[in-house]
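A.B. asks: Here is the input, now give the coordinates:
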Amino acid sequence: MRTASLAAPWAALLLVTACVPRPIPDVEPRDTPATPPPSVAGALPYPLEGPALWTAPFSSEPRAAGSSFVGVSQEKAGGPLHFLGVDRDGVTRWATERDPSCTGFTVARAEEGGAEFVVLLDREPDPDGGVRAFVTTASAHDPDTGERLWGPTEVPGTLVGPGLVFAALAGSVMTEASGPKAALAVGTGEVVADEEDGDTVLHEHHGTLLLYRDGELRALGSEQGELWTHADLTVPDELGDRPVSVGYGPRPSSDSGAAVVLEWTAADEVGGAGADDDREVLLYTVHHLRTGERLLTLAPDVRPRLLGDGLDRTVVLAAPAGEGEARLYGLAATDPEPAWELPTRPGERLAGLVGDTLYTAAESGAGRAVDAATGGVAAELPSEASDLTPVAALPGGPAVLRVPGNGGGVLAALAVS
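C.D. replies: From the prediction side, this is the model:
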């Protein structure tokens, strides 16, 4: 059995969230009634059904966590900004103020089926750095009560992911330029990996961390220690006997994911990684993050696209090795094989993985609503509604959808059939 040698780290595409200093805020309990619903006309995406139940009080797309929706509320640009926790009846249960530029947040979960929580960013004055100095911090909160679970923990910059990975970024647009990254432990908020100490932080999901450390690609569990390294991976048969290296491949387009793509390239020497990040990819493979087990072997000419969710499901759009036609694959974190696969349509792309449904869209024509557990096509999405994808959904509903109109649209809660 041939095992893998190591390729050079992959530079992730990151999103900037700028922040400025402010005092540490407290969480304010609230009992604000739901806002009356907007009028919703026209086709709705599966499985939503009208009329709308209430208007969501968020300025941007919320996330579902626990039994609540959590998101940002800001009445005007540059004005006070609050994170809100809103229950399934539209009642705002808690709020916490943040600086107007600190809008980054994510939903996380402790490993082994722990409860979901939200991680919010802030900037605090740095008592050791002078009047104008500040630090970025992250804190975890119960999504239903707002209770602080850990933090604030100092981090090097904004949330860049996948998972609880933070970095200071250059500029204010989509960029690959960043400062050293750090990853936090889901249970305590402690820094568990820091590029200032020589690590290369790649991917975190529910307590499992993938990084380069001491010359090896390693997966680490928060309590179990090292789970696997690149040396434990079997080289795919499709690569023959040539010297190859393996490295981190395309990251998920969602906040994180329970599966990771690795890319295989020609090694400069037997067992060597080489220093050229632009080497030709010979093959992609998809692996369980926690076990390292290979789930898919994919052709190099179609760059895989991934979407993950908080239930450890991952959807992959890619072409299998030896075939030219792309397919959709549904993966579960505990299964040794894909749960389902489905042929793609011309130009089909991943639009969202919300609740129990995968949404796809196409350059022309209708998209599809696919059961995320079985791969069954639940509904064809009318072309006029192909871009109307729910932004968040609670188990059993409701779901939040951006309704067009009114100067950019409003966020409405609708029942789930």
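A.B. asks: where's the residue nearest the centre of the chain relative to His206, distance?
C.D. replies: Nearest to the mean C-alpha position of the chain, counting by Cα atoms, centre = their mean, stands Asp255 at 1.1 Å. Plainly put, Asp255 is 11 Å away from His206 if you go by Cβ to Cβ, to the nearest Å. To be clear about C-beta, it is placed using only N, CA and C from the backbone, and glycine gets the same treatment.
A.B. asks: any shared contact partners between the two?
C.D. replies: Shared contacts of Asp255 and His206 (Cβ atoms under 8 Å, 6 or more residues apart in numbering): Gly163.
A.B. asks: Count the residues that sit near Glu49.
C.D. replies: 13 (other Cβ atoms under 10 Å).
A.B. asks: How about Glu293?
C.D. replies: Glu293 - counted by other Cβ under 10 Å - has 16 other residues nearby.
A.B. asks: now Ala41
C.D. replies: Going by other Cβ under 10 Å, the residues that sit close to Ala41 add up to 11.
A.B. asks: do the same with Gly79
C.D. replies: 8.
A.B. asks: same check, this time on Gly71
C.D. replies: By the measure other Cβ under 10 Å, the count of residues near Gly71 is 26.
A.B. asks: With Ala318 instead?
C.D. replies: Close neighbours of Ala318, defined as other Cβ under 10 Å, add up to 23.
A.B. asks: need the contact list for it.
C.D. replies: With Cβ under 8 Å, 6+ apart, Ala318 has these contacts: 284, 286, 296, 298-299, 302-305, 326-327, 329.
A.B. asks: of these, buried ones?
C.D. replies: The neighbour count (16 or more other Cβ atoms under 10 Å) marks 284, 286, 296, 298-299, 302, 304-305, 326-327, 329 as buried among the contacts of Ala318.
A.B. asks: Quick one: those residues as TSV, columns for distance to Thr96, pLDDT and secondary structure too.
C.D. replies: Shown next, in TSV, are the buried ones among the contacts of Ala318 (distance: Cβ to Cβ, whole Å; pLDDT from 0 to 100; DSSP: H, G, I helix; E, B strand; the rest coil):
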residue	distance to Thr96	pLDDT	secondary structure
Tyr284	41	97	strand
Val286	38	97	strand
Leu296	41	96	strand
Leu298	43	97	strand
Ala299	47	96	coil
Val302	43	92	coil
Pro304	37	97	coil
Arg305	34	97	strand
Ala326	43	94	coil
Arg327	43	96	strand
Tyr329	39	97	strand
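A.B. asks: what's the closest of the residues you listed to Leu184?
C.D. replies: Using Cβ to Cβ, Val286 comes nearest to Leu184 of the buried ones among the contacts of Ala318, at 25.4 Å.
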